[in-house]
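Participant: structure, please.
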Amino acid sequence: MNVLIVDDEPLARMRLIRLLAHDKSIVIKGEAGNGNEALLLIKKHTPDLIFLDVDMPGLNGLQVANELNNLALPPAVVFITAHPEHALDALQLSAAGYLVKPVTEQSLVKVLEQVGRLNKAHVQKQQSTKISYQLGGTIKSVELDNVYYFNAQEKYTNMVFEGGEAFIESSLKQLESQYPAQLVRIHRNTLVNKSKLLSLNTHGPGLHSVELMGCNDHLTVSRRELKTVKKILN
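Facilitator: Presented below is the predicted three-dimensional model:
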């Protein structure tokens, strides 16, 4: 489980990292000292779980959580604070758990068990994500897991999936925002399914393309997105 820790107190972050080290299933992807930095890291790493301090200068934890609720598949959030009176606000934001400082090993174990149950439901929801399209006057849908890539073409977006392709009205920007955990931009005109990425090929100086599992199309990778693609494949 990929985890992000957000707290403006370095000692509090260190304590939580030390306690989490006992759970080998957890990978700490990063730390943030404020809300704005947290949102950037969330977009970059798409963590499964965020330990989020409520009381921070600037954008506080409740405001960050409110932003996360706009995502199609937001990560699980465990709030951490020295003020128990914030519990009601946290629960209203669909928090997966709540920890009071100083965090103890016993309370952490308990909340991780709860998050584990929620995370299974989260994964099932992710796997059942469908994209709708119209074909011959009939509304159909395809599992996002079965989509190879999306390509922008004038006013529409072409969706290529296992068994065919179809035009949809959603823009690449909208799709990228709705499904950040599943899709990655490889070019200003193209989003691909991360789970389908097979290899990165170099054809000359500054010329790159990717191959997707089960798809014969070779898709151009822009210089701007090259680093991101390499990171995913590594």
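Participant: in this structure, which residue is closest to the centre?
Facilitator: T46 (2.9 Å; CA atoms, centre = their mean).
Participant: isn't it right up against A181?
Facilitator: Yes. Contact criterion CB atoms under 8 Å: T46 and A181 qualify, at 4.5 Å. Where you see a C-beta, it was placed from the backbone N, CA and C, and this is true even at glycine.
Participant: contacts only, for the residue nearest to the centre of the chain.
Facilitator: N2, P75, P180, A181 (CB atoms under 8 Å, 6 or more residues apart in numbering).
Participant: and if you look at T81?
Facilitator: Contacts of T81 (CB under 8 Å, 6+ apart): D53, V54, D55, G61, L99, V100, K101.
Participant: repeat that for 6 Å
Facilitator: Neighbouring residues of T81 by CB atoms under 6 Å, 6 or more residues apart in numbering: V54, D55.
Participant: which stretches of this structure form helices?
Facilitator: 10-20, 35-45, 61-68, 87-92, 105-127, 172-178, 223-233 (DSSP state H).
Participant: so what's V142 bridging to?
Facilitator: Beta bridges link V142 to I131 when assigned by DSSP bridges.
Participant: could you check the pLDDT of it?
Facilitator: Looking at V142, its pLDDT stands at 91.
Participant: same deal with E165?
Facilitator: Per the predicted model, pLDDT is 94 at E165.
Participant: let me see the contact set for it.
Facilitator: So E165 contacts N158 (CB under 6 Å, 6+ apart).
Participant: gap between it and K44?
Facilitator: Using CB to CB, to the nearest Å, E165 is found at 30 Å from K44.
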